[in-house]
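K.L.:
Return a 3D structure for these sequence lines:
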Amino acid sequence: MNQESSICQSSDSKHSLLFIQFLLGGVVIALCLRGEAKYKLVSPAYPKPGAALFVVLHGCLSNGEDIEEDTRFSEYVNSNNIYVMYPEPYGPDAWHGCWDFFGSESQRVGGGDAAKLVKDIQSVAETNKISSRKIFAAGMSAGASLLNVVTACYPDVLSGVVIHSGIAYGLADTWQNSLKIAKDGPSVSKTRNLSCNPQNYRGQTILVQGTNDHIMNPSHYDLLKKDYFTGAQVIRQNFSGDEDYFDYQIEFFSSGNQLRGLGILVKGMRHDWSGGVPRIPFDKYGPDITPFIIQHFLKKSNAKRI
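P.N.:
Below is the predicted model of the structure:
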């Protein structure tokens with residue numbers, strides 16, 4: 001295990017603290033504190049040059065351990081030469097483990113959770129010599145909603161993003177109305193804060209949504225397609241499930257001969273990570289998107305941005 005003890009630290013080491021690092025199941029686990037940030041970083045036991053970073057954000061009433069278990073990104077660390085970062089919300093006032101994607105400070109450049117997350121992502125990438133072309137992120141629910149802020153206000157940070165059941169940038173301005181907007185859809189938002197432009201992002205994008213999601217109204221998926229894929233051509237392909245898996249549709253969005261991203265609509269899925277364990281016992285599974293995400297982004301990481 002050829003790993004430096006500074007695996008979690010940034011160049012501003014006086015505000016950084018690695019409080020535990022150990023080898024488990026063939027990967028390096030580091031639990032890190034840096035200022036008010038806290039995150040878990042899972043690293044290859046023997047990282048090779050050209051490694052990628054995947055940042056995985058959980059939703060409300062959840063934590064990094066939950067999203068790690070649901071998504072199983074950590075299982076692919078050694079076989080794909082990737083680092084996986086599981087951040088936690090900033091500060092002691094994060095309500096029920098939620099990210100602040102709705103505050104006015106967060107929804108502009110330089111403030112709030114989005115700015116802090118970007119700083120930590122760049123710090124981890126710099127410390128571990130990860131190219132900016134190989135930094136990707138995936139979020140579920142509130143985590144996805146925060147990533148919509150990141151792509152709108154910091155469009156050059158992520159080369160690829162997965163928005164799984166999230167609220168589009170600028171719709172919510174308080175925690176209370178974010179709950180209503182999530183459930184009832186974008187149309188109930190009276191105004192939209194467009195301090196940043198969600199259409200500026202040009203990295204690869206994967207949108208995922210279940211049609212039976214009673215927490216995140218499926219109409220959010222339609223607005224997100226406009227934000228990320230305005231002007232793109234679309235080709236749709238349907239896939240049949242079975243007694244254990246839902247049917248689903250994949251939409252391929254392209255400009256010219258370049259793929260801009262995908263939309264995956266899972267027919268009947270609730271507010272669950274697709275491929276993870278359903279919240280309702282004996283419910284069907286969505287398609288297993290985690291290995292697909294990794295392979296798609298790693299394949300595209302050497303392609304020219306559009």
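
K.L.:
Which residues are in contact with the spatially closest residue to residue 208 that is not a sequence neighbour?
P.N.:
Counting by C-beta to C-beta, 6 or more residues apart in numbering, the nearest residue to residue 208 once its immediate chain neighbours are dropped is residue 164, at 4.3 Å. Placement of C-beta: from N, CA and C, glycine included. With C-beta atoms under 8 Å, 6 or more residues apart in numbering as the criterion, the residues that contact residue 164 are 138, 139, 140, 141, 144, 207, 208, 209, 273, 274.

K.L.:
Please tell me the pLDDT value assigned to the nearest residue to residue 178 once chain neighbours are set aside.
P.N.:
With sequence-adjacent residues excluded and distances taken as C-beta to C-beta, 6+ apart, residue 178 is closest to residue 172, at 3.6 Å. Residue 172 carries a pLDDT value of 91.

K.L.:
ok, now the one 3 residues further on?
P.N.:
What the model reports as pLDDT for residue 175 is 84.

K.L.:
same thing with residue 20?
P.N.:
At residue 20, the pLDDT value in this model is 57.

K.L.:
ok, back up a step: how much space between the residue nearest to residue 208 and residue 242?
P.N.:
Using C-beta to C-beta, to the nearest Å, one gets 22 Å for the distance from residue 164 to residue 242.

K.L.:
What's the local residue count around residue 28?
P.N.:
Around residue 28 there are 22 other residues, counting by other C-beta atoms under 10 Å.

K.L.:
Tell me which helix or strand it sits in.
P.N.:
When elements are defined using DSSP states H and E, residue 28 is found to belong to strand 27-34.

K.L.:
Does anything pack onto that strand? Which helices or strands?
P.N.:
For strand 27-34, the helices and strands in contact under the criterion 3 or more C-beta pairs under 8 Å, 6 or more residues apart in numbering; DSSP states H and E are strand 16-24, strand 37-44.

K.L.:
give me the beta-bridge partners of residue 258?
P.N.:
Judged by DSSP bridges, the bridge partners of residue 258 are residue 255.

K.L.:
Which pLDDT does the model give it?
P.N.:
If you check residue 258, the pLDDT there is 91.

K.L.:
From residue 26, how far out is it?
P.N.:
The gap separating residue 258 from residue 26 is 37 Å, by C-beta to C-beta.

K.L.:
quick one on the thing from earlier: in CSV: the contacts of residue 164, plus pLDDT.
P.N.:
Below are those laid out as CSV (pLDDT from 0 to 100):
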residue, pLDDT
138, 98
139, 98
140, 97
141, 97
144, 98
207, 98
208, 98
209, 98
273, 96
274, 96
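
K.L.:
Checking my notes, residue 216 in a helix, right?
P.N.:
No: secondary structure assignment (DSSP: H, G, I helix; E, B strand; the rest coil) places residue 216 in coil, not in a helix.

K.L.:
is it true that it touches residue 139?
P.N.:
No: shown here, residue 216 and residue 139 do not form a contact pair, counting by C-beta atoms under 8 Å, at 11.9 Å.

K.L.:
Could you tell me which residues touch both of those two?
P.N.:
When contacts are counted by C-beta under 8 Å, 6+ apart, residue 216 and residue 139 are jointly contacted by residue 166.

K.L.:
I'd assumed residue 183 was in contact with the residue nearest to residue 178.
P.N.:
No: with contact taken as C-beta under 8 Å, residue 172 and residue 183 are classed as non-touching, separated by 11.7 Å.

K.L.:
Give me the more crowded residue out of the two.
P.N.:
A direct count of neighbours by other C-beta under 10 Å for residue 172 and residue 183 places residue 172 higher, at 24 against 13.
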